[in-house]
Structures are given as C-alpha cells and as structure tokens.
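[1] Below are the sequence and a predicted model for it; my questions follow.
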Amino acid sequence: MMFKTKLKKYFLQKRFPLEIYVPSKKTEPNSMIQIPSAWQGLELIIEDILDRFQIGRDSCIEFGVEFGFSAVVFSNYFKNVKGVDTFSGDVHTSHKGDHYTQTKHSLASFENIKLYKSDYKDWIKQDVQQYDFAHVDIVHNYKETYECGLWAVQHSKCCIFHDTESFSEVRKAVFDIAKKTGKTGYNYPYHHGLGIIV
Ligand SMILES: C[S@@+](CC[C@H](N)C(=O)[O-])C[C@H]1O[C@@H](n2cnc3c(N)ncnc32)[C@H](O)[C@@H]1O
C-alpha cells in the first residue's frame, strides 16, 4: 500500500475511531452480475456479517443502486430487496444520465429485487417499515449520508455504508450515527471501506 494511502487510513481511524471488522470467513454469493463496480470484493463478507450479528433474512433496503452490483449480492441472502435510487447519478459518480431502464432491464431475472426511482429524501418521509438490513451508498456528502443513514439505522437491525475509506465525510457520518443511536460502529478497511452499524 502506498505511503499516502496508509497515512490517510491512519488519520481517518484516529479522527473517527471505529472497531476494525475482521471477517471470520469469506463466501462467494451464488449469483452475481458482471458489471464494473467499486463495490467489488465486498460481496465476500456479506454472509459473514449476517451470521456474526444474527441478522434475519427477510428484508433488505438499499439506497444507491446504480447498475445493481450490490443489489444482486443482497438478493442472494434476503427474500425481498428494495432498491431506491434517483437513477440519475450524482457529483461523485461517473455516470450522470438516467439509467433506470438499463438497470431494470439487467436486473429483470432477479425476481426478489424491486427498484424504486426516488430520492431518499422523499422515500424516508413515507416509509415506516422495519428492515433486517440496510445499505447506504448514495452521494458521498456528509449531510446526505447522515440524513439517509440515520433513517436507515433507525429502520434496520444492521446497516452498512460504502466508501468509508475513500470519503472522510462518509466515515464521519458513520461515526456520528453510531454515537447518536448508541449502536456499535465497525469499519472494514478494504474495497474503499465498509462501515457497519449494528
Ligand atoms: C456509488 S453509486 C451506487 C453503487 C452501487 N451500490 C453498486 O453496487 O455499484 C451511487 C448511486 O446513488 C444514487 N443517488 C445519489 N444521490 C441520491 C439520492 N439523494 N437519492 C437516491 N439516490 C441517490 C445515484 O443516482 C447513484 O446511482
């Protein structure tokens, strides 16, 4: 690992300390889709997280689907997966145009995934359901990650956040949400970082 990256990781852990998550096993999900995603590699630790924290396998909600890589990973483990996205990209994604139809088409064979074209801000005003599991991977600003993440943590048993290593704003939001909710925050420091609040 390059010295600069090591230094960044060191300071992030110092400023926003989270328990380092060490998986005890790695499992390849049965079904995956072959599309490039920064999420690649994290699919191996999802079953470990679910087993470790004894998370139910009924319902999962994801904020930030894009082309569906992580949604398909979750479809291996949950009866129902809801994917919420504006499907228009954001300041941090390279794809900016409307990609709802494209994603809907490529996920058509995964019958347990339902896609919703919505801003998380509108979604969280009307959804009162409790989920087994949640995933937050939207625009990587503090305000949005905190607002969406707080709702997700309050409406699930376990919530994960992508990009805790590549965006200090996401790392800070995870740290603050864990503190506010009195839950435990973990960080898996690979594949751009995965925050886990349980
Ligand atoms: C980093 S991508 C998600 C990557 C995806 N999880 C994967 O496995 O490859 C971020 C997505 O968040 C969506 N997004 C950004 N801001 C949003 C918001 N306010 N509400 C809903 N979705 C949003 C973007 O449209 C984009 O598709």
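    Yep, that arrived.
[2] Show me what from the protein comes close to the ligand.
    Residues of the chain lying close to the ligand by CB under 6 Å from any ligand atom are 37, 39, 63-66, 69-70, 84-90, 93, 119-120, 137-139, 144. (C-beta placed from N, C-alpha, C; glycine too.)
[3] Return the subset of those residues lying in strands.
    Among these, the ones falling in strands (DSSP state E) are 63, 84, 85.
[4] quick one: which of the residues you listed is nearest to the ligand?
    Among these, residue 85 lies closest to the ligand (CB to the nearest ligand atom), at 4.3 Å.
[5] If we ignore the residues flanking it in sequence, what's nearest the closest one?
    Leaving aside its sequence neighbours, residue 85 sits nearest to residue 65 (CB to CB, 6 or more residues apart in numbering; 4.2 Å).
[6] any idea how far residue 141 is from the one you found?
    18 Å (CB to CB, to the nearest Å).
[7] which of the two has more neighbours?
    Higher neighbour count among residue 65 and residue 141: residue 65, with 29 against 16, using other CB atoms under 10 Å.
[8] and that one, what does it touch?
    Counting by CB atoms under 8 Å, 6 or more residues apart in numbering, residue 65 touches 71, 83, 84, 85, 87, 103, 115.
[9] which SS class is residue 196?
    Look at residue 196: counting by DSSP: H, G, I helix; E, B strand; the rest coil, its state is strand.
[10] scratch that, residue 111
    Secondary structure of residue 111, reduced to three states by three-state DSSP: coil.
[11] can you start the count at 736 instead of 1 from here on
    Okay, residue one is now 736; in that scheme the one you just asked about reads as residue 846.
[12] Provide the secondary structure category for residue 785.
    Using three-state DSSP, the structure places residue 785 in helix.
[13] Okay, helices next: where are they in the chain?
    Taking DSSP state H, the helices of the chain run over residues 738-750, 781-787, 804-810, 835-841, 855-861, 877-889, 903-916.
[14] Give the buried residues for the fourth one.
    It refers to helix 835-841. 838, 839, 841 (16 or more other CB atoms under 10 Å).
[15] out of those, who's nearest residue 832?
    Ranked by distance to residue 832 (CB to CB), the buried residues of helix 835-841 are led by residue 838 at 11.9 Å.
[16] right, and that closest one touches residue 822 too?
    Yes: with contact defined as CB atoms under 8 Å, residue 838 counts as touching residue 822 (6.5 Å).
[17] picking up where we left off before, if I look at the residue nearest to residue 820, how far off is residue 924?
    24 Å.
[18] With residue 905 instead?
    According to CB to CB, residue 905 stands 13 Å off from residue 924.
[19] Now for these two: what residues contact both?
    Counting by CB under 8 Å, 6+ apart, the residues touching both residue 905 and residue 924 are residue 899.
[20] and the two? which has more neighbours close in?
    Set side by side, residue 905 and residue 924 show more neighbours around residue 905, with 29 against 15, by other CB under 10 Å.
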